[in-house]
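# I would like the atomic coordinates for the input below:
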Amino acid sequence: MRKAFIIASTLLLISFVLQFVFAAVGGFTKPAGDGAYALHSVNGMAVIPVLSLLTALFATLAKAPGRLIGLATLPIGLVVVQALIAMLANASTDAAGASTPLGLTIAGLHAVNGIIAVHVVVGVLRAARKLAQPAPTDATPVTIREGEPA
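Now for the predicted structure:
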């Protein structure tokens, strides 16, 4: 299960990196139509949530420490926050449907939350790799008696 945890974490990180690429594709598509962000939407609403759930599941099945399981679960919450931020940004338009300064500020938080999610996933992947490493066999046990300096 520890290898599956590493694989799921790696795929999740790759999916998040692609999410930034897909956002750029949408931003630079000319003319920008409704389909400009299609890849970004599919990846963000389907692929990333599924990989986030799998990563958390494999962390649990790999018997990772509770803190790591919590960290592996955090991207699920960040994905929900992403959707809420996007809905708020889209709802913050003027009567003609044009962007407002408030809507653009909220949209900026969408990018910041994405950056935070990437950093969380990098931490999860590093911890998953460390968890999968075998314990050192050449370690010598040390006994410290009460009253002796450590």
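
# Return stretch 21-33 as PDB; C-alpha atoms alone will do.
Extracted in PDB, the C-alpha atoms of stretch 21-33 (Å, rounded to 0.1, in the frame of the first residue of the first chain):
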ATOM      1  CA  VAL A  21      -1.000  24.500 -17.600                       C
ATOM      2  CA  PHE A  22      -4.700  24.100 -18.400                       C
ATOM      3  CA  ALA A  23      -5.500  27.500 -16.700                       C
ATOM      4  CA  ALA A  24      -2.900  29.100 -18.900                       C
ATOM      5  CA  VAL A  25      -4.300  27.400 -22.000                       C
ATOM      6  CA  GLY A  26      -7.700  28.900 -21.100                       C
ATOM      7  CA  GLY A  27      -6.300  32.300 -20.400                       C
ATOM      8  CA  PHE A  28      -4.300  32.500 -23.700                       C
ATOM      9  CA  THR A  29      -7.000  30.900 -26.000                       C
ATOM     10  CA  LYS A  30      -8.100  33.400 -28.600                       C
ATOM     11  CA  PRO A  31     -11.000  34.000 -29.000                       C
ATOM     12  CA  ALA A  32     -11.800  33.000 -25.500                       C
ATOM     13  CA  GLY A  33     -15.100  31.100 -25.500                       C
END
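
# got a list of contacts for it?
Stretch 21-33 is touched from outside by 36-40, 43, 111, with contacts defined as C-beta atoms under 8 Å, 6 or more residues apart in numbering. Quick note: C-beta positions are derived from backbone N, CA and C, even for glycine.

# tell me the mean pLDDT for that stretch?
This predicted structure assigns stretch 21-33 an average pLDDT of 92.

# For that stretch, list every residue counted as buried.
Residues of stretch 21-33 classed as buried: 22-23, 26 (neighbour count, 16 or more other C-beta atoms under 10 Å).

# and it, how far out from the chain's middle?
Chain-centre distance of stretch 21-33: 22 Å, with C-alpha atoms, centre = their mean, to the nearest Å.

# any low-confidence regions in the chain?
Along the chain, the model assigns pLDDT under 70 to residues 138-142, 147-150.

# now the helices for it?
For the chain, helices defined by DSSP state H occupy the ranges 2-28, 38-42, 48-61, 66-91, 101-132.
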